[in-house]
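In: one predicted model, sequence on top.
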Amino acid sequence: MPPMTIASDVGLSGRLLSKAVHRNRAFSIEGVLERIFTKAFSGLVYPQIWEDPEIDLQAMLIEPHHHVVTIASGGCNALSYLTANPARVTAIDLNHSHVALTRLKLAGLRHLPNWESFYSFFGEANEADNIRLYQRYLKPHLDLETAKYWEGRNWFGRKRLTHFKTNIYRKGLLGRFIGLGHLVAKIYGSNPSSLVDCRSMEEQRRVFDKEIVPLFQKRAIKWMTNRRVSLYGLGIPPAQYEALAGGAKMADVLQQRLEKLACGFPMRENYFAWQAFGRCYAPNSSGPVPLYLNEKNFGKLRRSSNQLTVQQGSITDVLADAPSGSVNRIVLLDAQDWMTDDQLNELWTAISHSAAPKARVIFRTAGIETILPSRVRDETLGSWTYLEEMSLKLGKLDRSSIYGGFHIYEFNS
């Protein structure tokens, strides 16, 4: 199979992010915060995506003829959707780092010799031999821009490729934010990582109450989390901060979300909790992992890997340019929380244009309620039915526990 050839571009990444995030004048306080976020978000943010793909699959009910269009982020979910064997998955992202990571994962699925090497590279991601695997099996099949990205150097002067021998899940904006959280906890005498050793949900509750709850009573942590810039490490832009807070103190909101993450599901079933509290997956694949890393799915995903394409760009533009009625499932992650009313209307016009009969759109929101009524024009939103009961049910089952709401809309035509 020839190398993938669609290039990503650093300059394009910045322009797309600026268009998505910037709402205010550059020299206003809000404008400065938006531009700080754009700079922070322009590199690798999510080594692992933080939306639960198993919930997505239950919501989408993918059929073999379906074309799925999704925002890529770290690529985990786009790859995981292949377990349902859709005809096509198109993964799109504004961020060139996420495009490069998704393409690398796709190359690994296609060209690494077996599941063990695939898991070593993308699951453990901390073996020196992964550099040899890259040189022998992956580099020959990458487009020039993707290879250039991974062989380029980060702010610290190290090749980005070395992330895969030093645990990429501790890198990127989110990985370093989680690491900072662990450091602050350690300074206060707490040990969040002890949660991954729990063997029952009762024990998880006891450890959470002992190690996590007291942190959010600290004056310094309340002060820090009350500043919008403090959550940039979670990939939360200024516009989304207010939606997440919902009028409450941010320290209280974060404690509630972490409580669900730590106590809502058994540790043996929740790889999101492993990433938050252990900063890795369970060693030797002994615990929960994303669908695309599960050994039982490897053969199926390898056979269907040609059904996934990855590109840099705006999902609005891609849907607007798609043939009418050609897309069956659309995954927006939490991108709409960033959008102005004009951007939302542009997006949903493009969605309605591209939607096949009974198409479904799924997305998350920082707040609990759907954000579309009163913001998207009635003549557009009137073509869609909000599946509220199913949305509430599946939202409660989302193991990542980060978002307030999970939402499903179905096209009426």
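Out: Alright, I've got the coordinates. Because the structure is a prediction, the values reported are computed rather than measured.

In: okay, and for the stretch 101-250 of the chain, where does confidence drop off?
Out: 227-247 (pLDDT under 70).

In: and the helices in it?
Out: Chain-ordered helices for the stretch 101-250 of the chain, with DSSP state H, counting those that start in this stretch as the definition, fall at 115-119, 129-133, 144-151, 172-187, 201-211, 219-225, 238-245, 250-263.

In: just send those helices back as CSV, with distance to residue 413 and mean neighbour count too.
Out: For glycine as for every other residue, the C-beta is placed from the backbone atoms N, C-alpha and C. Below are the helices of the stretch 101-250 of the chain laid out as CSV (distance: least, C-beta to C-beta, whole Å; neighbours: other C-beta atoms under 10 Å):
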stretch, distance to residue 413, mean neighbour count
helix 115-119, 41, 19
helix 129-133, 47, 17
helix 144-151, 38, 19
helix 172-187, 38, 17
helix 201-211, 44, 16
helix 219-225, 44, 14
helix 238-245, 30, 20
helix 250-263, 36, 19
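
In: tell me which of these lies nearest to residue 58.
Out: Distances from residue 58 to each of the helices of the stretch 101-250 of the chain were compared using C-beta to C-beta; the minimum, 18.2 Å, belongs to helix 250-263.

In: what's downstream of that closest one, the next helix or strand?
Out: Read in the C-terminal direction, the helix or strand following helix 250-263 is helix 271-273, with elements assigned using DSSP states H and E.

In: surely residue 250 meets residue 226?
Out: Yes. Under the criterion of C-beta atoms under 8 Å, residue 250 lies in contact with residue 226, with a separation of 5.7 Å.

In: how near is the residue nearest the centre of the chain to residue 301?
Out: The residue lying closest to the centre of the chain (C-alpha atoms, centre = their mean) is residue 49, at 2.8 Å. Note on residue 49: its distance to residue 301, by C-beta to C-beta, to the nearest Å, is 16 Å.

In: kindly report the same for residue 335.
Out: When C-beta to C-beta is the yardstick, residue 335 and residue 301 sit 25 Å from each other.

In: the two: which is more packed in?
Out: Comparing residue 335 with residue 301 by neighbour count (other C-beta atoms under 10 Å), the higher total belongs to residue 301, at 25 against 21.

In: pLDDT score for the nearest residue to the more buried one once chain neighbours are set aside?
Out: Leaving aside its chain neighbours, residue 301 sits nearest to residue 82 (5.0 Å; criterion: C-beta to C-beta, 6 or more residues apart in numbering). Reading off the per-residue confidence, residue 82 sits at a pLDDT of 98.

In: residues in contact with residue 82?
Out: Residues in contact with residue 82, defined by C-beta atoms under 8 Å, 6 or more residues apart in numbering, are 89, 292, 300, 301, 304, 305, 307, 308.

In: cool, and residue 119?
Out: Applying C-beta under 8 Å, 6+ apart, we find residue 119 in contact with 285, 293, 295.

In: among these, who's most crowded?
Out: residue 293 (24 neighbours).

In: pretty sure that one sits against residue 123.
Out: Yes. The pair residue 293 and residue 123 passes the contact test of C-beta under 8 Å, sitting 4.9 Å apart.

In: common neighbours of these two, please.
Out: The overlap between the contact sets of residue 293 and residue 123 (C-beta under 8 Å, 6+ apart) consists of 281, 285.

In: can I get the contacts of residue 82 in JSON lines with distance to residue 385, secondary structure and pLDDT?
Out: Compiled in JSON lines, the contacts of residue 82 are given as follows (distance: C-beta to C-beta, whole Å; DSSP: H, G, I helix; E, B strand; the rest coil; pLDDT from 0 to 100):
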{"residue": "89", "distance to residue 385": "24", "secondary structure": "strand", "pLDDT": "98"}
{"residue": "292", "distance to residue 385": "31", "secondary structure": "helix", "pLDDT": "98"}
{"residue": "300", "distance to residue 385": "32", "secondary structure": "helix", "pLDDT": "96"}
{"residue": "301", "distance to residue 385": "32", "secondary structure": "helix", "pLDDT": "97"}
{"residue": "304", "distance to residue 385": "30", "secondary structure": "helix", "pLDDT": "96"}
{"residue": "305", "distance to residue 385": "34", "secondary structure": "helix", "pLDDT": "96"}
{"residue": "307", "distance to residue 385": "28", "secondary structure": "helix", "pLDDT": "97"}
{"residue": "308", "distance to residue 385": "29", "secondary structure": "strand", "pLDDT": "98"}
